[in-house]
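Colleague: just need the structure, nothing else, for what follows:
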Amino acid sequence: MKYFILRNYTIEPFFKEMDAVFSGYEDISFVDAESDRYIWWYFPPYKTDNEIIAKEIENYGNLLEFALNSIEASKLVFAFSMQAIYKINYQTGNNIVDEAIINYNRKLKDLSESRRNLKIIDFSNFLNGIHTKTGISTIDWKFFYMSQIPLNPKLGTEFSLWFNRQIETVELQRKKCLVLDLDNTLWGGILGEDGAEGVKIGETYPGNCFLFFQEYLLQLYNNGVILTVCSKNNEKDVEDFWNNNPYQKIKREHLATYRINWNNKADNIREIAEELNIGLDSLVFVDDNPTERELITQILPQVSVPDFPAMPYLFPEFIKNLTDNYFSVYQLTQEDVAKTQQYKQNAERKQFQSRFADIDSYLRSLNIELTIEQLNDLNITRIAQLTQKTNQFNLTTQRYTETDIRNFTEAGALIYALRVKDRFGDNGLTGLIIIKKEGLIAEIDTLLLSCRILGKNIEIVFVQTVLMKLKTLGINNVKATYIKTLKNNQVENFYEKLDFEIEKFSETEKDYKLDLTKVNYLISDIYKIIE
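Modeller: Residues are numbered from 1 along each chain as shown. Prediction:
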């Protein structure tokens, strides 16, 4: 991935690991059209005249607007917000520089609303945590005067880690599920020993710290993070506490599933991942007990295990790091918000299935409704998110951003998304196929489905319907590829089920072709299909 970076100072030390080309200082006369992505990073001028500083900041906003006109709308641009790292207050009542920075950042926001490829990176998040993490000064004046470096280059490693995480949030990459302990994690004390009356949660210290943590967990839940519990406890005691303690915010209704027993926590976490049908690398485990954390780290290294705060009053810093490192995302989709409910509905489907003797009777009873829709402004964020997050049922595992998706449509590709609904609820947009087109030949670039809708032959019906649609468009031949990854073994022979022929294969890849003139799929009437 090649970056072109527009800047007003020397910032090369902060992008050593990237394939990057840099503009001249405040130079927008040349913007490299061959680059894949762009970064705009301007600092307030390190000068002594505040009026001149304010005017230059205003001009930087205009320069950005001009530069954006030279960048293809299909390519991502990351623009850092501006922060006052150094300023001289000659008159404390005169805020001319602060106002100029506020106006500059407001202009960034306005531009991002009109230009979908512009994504704002809040630089204050990095600055606010840097002293706590490193103790390194923000500016090293020696480096500034010798090389015009506006930020201490000793912060380069910390910055690189932080910036890579910001890119991941824009690309909609985050962990899916939080696995929580109970005693001394969601509340202070041990329920089985201290009793419901002795557990600390409420309005006084330390109970107010645990209450704060639970309120934060509710916000994660509202932002689409799946909450689960894994605790060594008596389930009846916990249920009573959930139902009767007025300060208890996290209740059974907020959990997609839980394991409250005396079993090995590694085994319990494996079961949680299997029940939710998500990978272990999608889980974050939070437990106050260092022995339990070490157990999971050793036995289930795919699970992320952050350190737990030594004292309850350290929760604010802990939850900020938890969010920044694992759960922040640039923009939410409707499917994100409804995630816990959808996983609960999946569990109900499994229980319901046990009542039927054969799979067809079960599927027919579900009243499955498949809606196939084309790309639009409402679903593009979710479509890009699916390419970033889906691993198991993903034939090529290509990762795309919103701008990449728009590029496909501009090149004439066909993009069909799948929504799935049944008697238990709406799974939302959970399937995607991207088809490149050249004359009467089509090539499937991407085919994926969310794991939570698998097991009902929906994947077969979806692709059959799309292929028949291609046939009506006059397309005679379809090419497809399976690229093997560590997680997608289950779809290794998927195209064979649809009568594709293997043209070429190796240990890691299979290329297919299908003559559409020779196939005519009979699509089961079990499914109601809406196009």
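
Colleague: work out for me the element the residue nearest to Gln334 when sequence neighbours are not counted sits within.
Modeller: The shortest distance from Gln334 to any non-neighbouring residue, by C-beta to C-beta, 6 or more residues apart in numbering, is to Gly428 (6.2 Å). Heads up, the C-betas are built off the backbone N, CA and C, glycines and all. Per DSSP states H and E, Gly428 falls inside strand 425-438.

Colleague: next: Asp511.
Modeller: Asp511 is located in strand 509-515, with elements delineated by DSSP H and E.

Colleague: model confidence for Pro306, exactly?
Modeller: The model reports Pro306 with a pLDDT of 97.

Colleague: thinking again about what came up before, give me the average confidence score over the next helix-or-strand element following the strand holding Gly428.
Modeller: Following strand 425-438 in sequence order, the next helix or strand is strand 441-449 (DSSP H and E). The average pLDDT within strand 441-449 is 97.

Colleague: run the angle between the helix or strand just after strand 441-449 and strand 425-438 for me.
Modeller: Next helix or strand after strand 441-449 toward the C-terminus (DSSP H and E): helix 458-472. With axes from the mean of the first three to the mean of the last three C-alpha atoms, to 10 degrees as the basis, helix 458-472 and strand 425-438 are set at 40 degrees to each other.

Colleague: can you give me the buried ones in helix 458-472?
Modeller: By 16 or more other C-beta atoms under 10 Å, the buried positions in helix 458-472 come out as 458-467, 470-471.

Colleague: Lys87 touches Val97, doesn't it?
Modeller: Yes: contact status for Lys87 versus Val97: in contact at 5.5 Å, counting by C-beta atoms under 8 Å.

Colleague: so these two - more neighbours on which side?
Modeller: Val97 (20 against 14; other C-beta atoms under 10 Å).

Colleague: would you map the helices across the stretch 101-250 of the chain?
Modeller: Taking DSSP state H, counting those that start in this stretch to define them, one finds helices in the stretch 101-250 of the chain at 123-134, 141-147, 156-170, 191-198, 207-222, 235-244.

Colleague: Ala480 is nearest to which of those?
Modeller: helix 156-170 (29.0 Å; C-beta to C-beta).

Colleague: how far does that closest one sit from the chain's center?
Modeller: Put simply, helix 156-170 sits 14 Å off its chain's centre (C-alpha atoms, centre = their mean, to the nearest Å).

Colleague: so what touches that helix?
Modeller: 13-17, 76, 78, 119, 121, 125-126, 130, 133-134, 151, 174, 324-325, 328-330, 401 (C-beta atoms under 8 Å, 6 or more residues apart in numbering).

Colleague: restricted to buried residues, select these in PyMOL.
Modeller: The PyMOL command for the buried members of these (criterion: 16+ other C-beta under 10 Å) is given here:
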select buried, resi 13+14+15+76+78+119+121+125+126+130+151+174+324+325+328+329+330+401
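
Colleague: closest to Val286 out of the helices of the stretch 101-250 of the chain?
Modeller: With C-beta to C-beta as the criterion, Val286 lies closest to helix 207-222 of the helices of the stretch 101-250 of the chain, at 9.3 Å.

Colleague: poorly predicted segments of the stretch 351-500 of the chain, please.
Modeller: Along the stretch 351-500 of the chain, segments meeting pLDDT under 70 span 351, 354, 357.

Colleague: in stretch 229-237, what's buried?
Modeller: For stretch 229-237, the neighbour count (16+ other C-beta under 10 Å) marks 229-233 as buried.

Colleague: returning to what we had before: joint contacts of Lys87 and Val97?
Modeller: 44, 50, 53.

Colleague: what residue ranges in the stretch 51-200 of the chain score low on pLDDT?
Modeller: Within the stretch 51-200 of the chain, the stretches with pLDDT under 70 are 131-132.

Colleague: how about the strands in it?
Modeller: 77-80, 118-121, 177-180 (DSSP state E, counting those that start in this stretch).

Colleague: on that earlier part again, now the shared contacts of Lys87 and Val97 as a markdown table including distance to Arg382 and neighbour count?
Modeller: Listed next are these as a markdown table, based on distance: C-beta to C-beta, whole Å; neighbours: other C-beta atoms under 10 Å:
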| residue | distance to Arg382 | neighbour count |
| --- | --- | --- |
| Pro44 | 37 | 23 |
| Asn50 | 46 | 19 |
| Ile53 | 42 | 21 |
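
Colleague: export these to JSON lines and tack on distance to Asp183?
Modeller: As requested, those are exported to JSON lines (distance: C-beta to C-beta, whole Å):
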{"residue": "Pro44", "distance to Asp183": "49"}
{"residue": "Asn50", "distance to Asp183": "55"}
{"residue": "Ile53", "distance to Asp183": "54"}
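
Colleague: may I see the helices of the stretch 101-250 of the chain organised as CSV, with distance to Ile444 added?
Modeller: As requested, the helices of the stretch 101-250 of the chain are exported to CSV (distance: least, C-beta to C-beta, whole Å):
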stretch, distance to Ile444
helix 123-134, 39
helix 141-147, 50
helix 156-170, 26
helix 191-198, 53
helix 207-222, 36
helix 235-244, 47
